[in-house]
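K.L.:
predicted model follows, preceded by the sequence.
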Amino acid sequence: MSPEENKRVVANFVEVVQNRHDLAAADHIFHPEFVNHYAPAGRTVPAVQGRPAAAFQQFYGMLLGAFPDATMSIEEQVAERDVVATRKTLRGTHRGELWGLPPTGNRVEWEFIDIFRVRDGKLVEHWTHMDFDALRAQMSARPHE
C-alpha cells in the first residue's frame, strides 16, 4: 500500500472507532498480529490473547466514560513507507469519573501523537506519546467564569 493509502487506514480508524465511538470496529481494523509498544510508567500494556484491539478498547472505553462527547481531530499526518505518524487532539466534556477525579463539566483538549505501522490495510504496530498530567490538570481545574 502507498503512504497515502496507509494514511487513509489511520484516518478511517480515527473516524469510525474514535469519533463514532464504534469500539467493536477496532476488532476488524487491528491486524491479528497487532503489537502495542506503548508502556505507560515503563510498564507494557498486556495483550489479550486472540483480541488484538482489547487493550485499546478498554482504554478508550474508559475515556469515553469520562468524556462521552469525545471527538478526535487529526491535526497533522505524515507517512513514509508503512508508517503513519498522526498528531491528534481529543476534545470533550468531563462528565464521568476518571482516575479518581469526579466529573467537573470542564471542556478539555488533549493533544497527543500516535504512530502506526500498517500491514495488509490494518493497524499492526503502535507507539504513542500522551501527556496525562496535562489532561488531569484540565479535568481538575476550575471552569473559567
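P.N.:
Done, it's in.
K.L.:
helices of the chain, residue ranges please.
P.N.:
All helices of the chain, identified by DSSP state H, fall at 3-13, 26-29, 54-66, 132-140.
K.L.:
give me the buried positions along the second one.
P.N.:
For helix 26-29, the neighbour count (16 or more other CB atoms under 10 Å) marks Ala26, Ile29 as buried. Using the backbone N, CA and C atoms, a C-beta is placed for each residue, glycine as well.
K.L.:
any weak-confidence spans in this protein?
P.N.:
For the chain, the stretches flagged by pLDDT under 70 are 39-50, 143-145.
K.L.:
what's the closest of the helices of the chain to Val84?
P.N.:
Smallest distance to Val84 across the helices of the chain (CB to CB): 4.6 Å, for helix 3-13.
K.L.:
please name every helix or strand in contact with that closest one.
P.N.:
Here helix 3-13 is seen to pack against helix 26-29, strand 71-80, strand 83-93, strand 107-119, strand 122-130 when contacts are counted using 3 or more CB pairs under 8 Å, 6 or more residues apart in numbering; DSSP states H and E.
K.L.:
relative to Lys122, which of the helices of the chain is closest?
P.N.:
In terms of CB to CB, the element of the helices of the chain nearest to Lys122 is helix 26-29, at 6.2 Å.
K.L.:
residues in contact with the closest one: which ones?
P.N.:
Contacts to helix 26-29, defined as CB atoms under 8 Å, 6 or more residues apart in numbering, come from residues Val9, Asn12, Phe13, Val16, Val17, Arg51, Pro52, Ala53, Phe56, Gln57, Lys122, Leu123.
K.L.:
count residues in the vicinity of Glu125, would you?
P.N.:
For Glu125, the neighbour count with other CB atoms under 10 Å is 17.
K.L.:
spit out the contact partners of the residue nearest the centre of the chain.
P.N.:
Against the mean C-alpha coordinate of the chain, by CA atoms, centre = their mean, the closest residue is Tyr60 at 6.4 Å. Shown in contact with Tyr60 (CB under 8 Å, 6+ apart): Val17, Gln18, Leu23.
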